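In: Below: sequence and its predicted model.
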Amino acid sequence: MVLAGEFPPDERVEKEIESLQNAGFTVAIAAYTMQNKPAVELYHDYVIYRKKISQRVYKSSAAALILPFYFNFWYKFLDSILKKEQFHFIHIHDLPLSKTGYQLARKHNLKLVCDQHEYYSNWIVRTRHYNKGMGKIIRTFSNWSKYERRYLRKADLVITVADSLKEIYIRQVKVSPEKVITLPNTPRMCDFNLSNVDEDIVGKYKNKFVLFYGGSLDELRGIDFILQGVSRLKQEIPDLLFLVAGKENRTFNLQSFVSQYRVENEVEYVGWVPLSLLSSYVAASNICLFVPRANNMEINNTIATKIYQYAAMGKPVIVSEARLMKEFVEENKLGFSVHFGNVEEFCQSIMKIRSSPEITEHIKSKAVKIAEKYSWEKTSIEFLKYYDHLKN
């Protein structure tokens, strides 16, 4: 497996490795590091290979389709491993290194698996670094859609996170239908269940009415929209607290938005939370949130992991009008969807849940069934079947 990032942690990658190991596969993973981590490490019965990446090479990744430095770094790193060790698959996480994976698959006679955590070509053009200064120029000369079509078609297996994205890869990217599968990023039942809770964490917030967001922090997540709502609600809910867990993108500063909306007393940022404790923060909350702007194909055709996690813990959920997440929440009667930017609608939904305890009790009563139905243990079955088929 190849992951363009620090490892661990990465919940999806770790779940895939665990499932493959349980199915009898031997797995190793290659990742870059900017820290002083060991070059080779045995971790949970699998090997992690790491190579230190310089800031110069790391920053060049945005221009990988123009400048050679990033691809060269990865090719040399992975080739050195493949010359010494025997593998049957090269499993690339996310789109950018698909080209490198294809080149090495041909050289070393490997099966190529391209694991798409998101609809990358649709996502990257909306990122902040592609929409300011030099990034706009880089975006003009970086045709990720063309790159996506070229290399995903060459894969032996393409993994995506939702059936609707699977259809996009088949219809628009022209990947052969028999080569695409769906692997939703659902939680493991052992991680998200009503008994896996740290009572100290829950007790810390017992006197607060807690709105919770857990996940990456960047401009695409609707955090500023939530803070506008918090600013308005703080007069009506004296014990209101917006609890935020996650890692800030390097271009995003939560505190600047907190100051802008004057909600310093109503926001607590706990930073990145390990998976083992995340369910406890969800359990401590009254309402869980994910309200991104629903203005692109990628966000309308995926269900974020956090939605499944919230549901498994029996918490009311408020989402934006992003299509699949809206459908999931409304069809399962887990909460409400609101239109991004409509602060009044957002606040009304919060107040409705707060004033109607029966809503929360009804959702909580369904948590065990939801957790089982949308669990990794069930949704990973097709993934393992395809891997088993490819090895023969």
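Out: Received the coordinates, thanks.

In: what are the ranges of the strands in the stretch 51-200 of the chain?
Out: 89-93, 111-115, 157-160, 180-182 (DSSP state E, counting those that start in this stretch).

In: Same list (those strands) but as JSON lines, adding mean neighbour count and distance to Ala39.
Out: Placement of C-beta: from N, CA and C, glycine included. Shown next, in JSON lines, are these (neighbours: other C-beta atoms under 10 Å; distance: least, C-beta to C-beta, whole Å):
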{"stretch": "strand 89-93", "mean neighbour count": "24", "distance to Ala39": "19"}
{"stretch": "strand 111-115", "mean neighbour count": "23", "distance to Ala39": "24"}
{"stretch": "strand 157-160", "mean neighbour count": "24", "distance to Ala39": "28"}
{"stretch": "strand 180-182", "mean neighbour count": "19", "distance to Ala39": "33"}
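
In: Rebuild the ones you listed as a markdown table, extending it with distance to Glu331 and mean pLDDT.
Out: Listed next are those as a markdown table, based on distance: least, C-beta to C-beta, whole Å; pLDDT from 0 to 100:
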| stretch | distance to Glu331 | mean pLDDT |
| --- | --- | --- |
| strand 89-93 | 30 | 98 |
| strand 111-115 | 27 | 98 |
| strand 157-160 | 21 | 97 |
| strand 180-182 | 18 | 97 |
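
In: Local confidence estimate at His389?
Out: Note for His389: predicted pLDDT of 91.

In: Spit out the contact partners of the nearest residue to Glu18 once chain neighbours are set aside.
Out: Nearest non-adjacent residue to Glu18, counting by C-beta to C-beta, 6 or more residues apart in numbering: His44, 7.8 Å away. Residues near His44 by C-beta atoms under 8 Å, 6 or more residues apart in numbering: Glu14, Ile17, Glu18.

In: Work out for me the element the second one sits within.
Out: In this structure, Ile17 sits in helix 11-22 according to DSSP states H and E.

In: State the next helix or strand along the chain beyond that helix.
Out: Reading on from helix 11-22 to the C-terminus, the next helix or strand found by DSSP H and E is strand 28-33.

In: I'd like the next helix or strand past that following strand.
Out: Following strand 28-33 toward the C-terminus (DSSP H and E): strand 40-43.

In: So in that sheet, which strands flank that following strand, and in what orientation?
Out: strand 46-52 (antiparallel) (DSSP bridges).

In: All good on my end, thank you.
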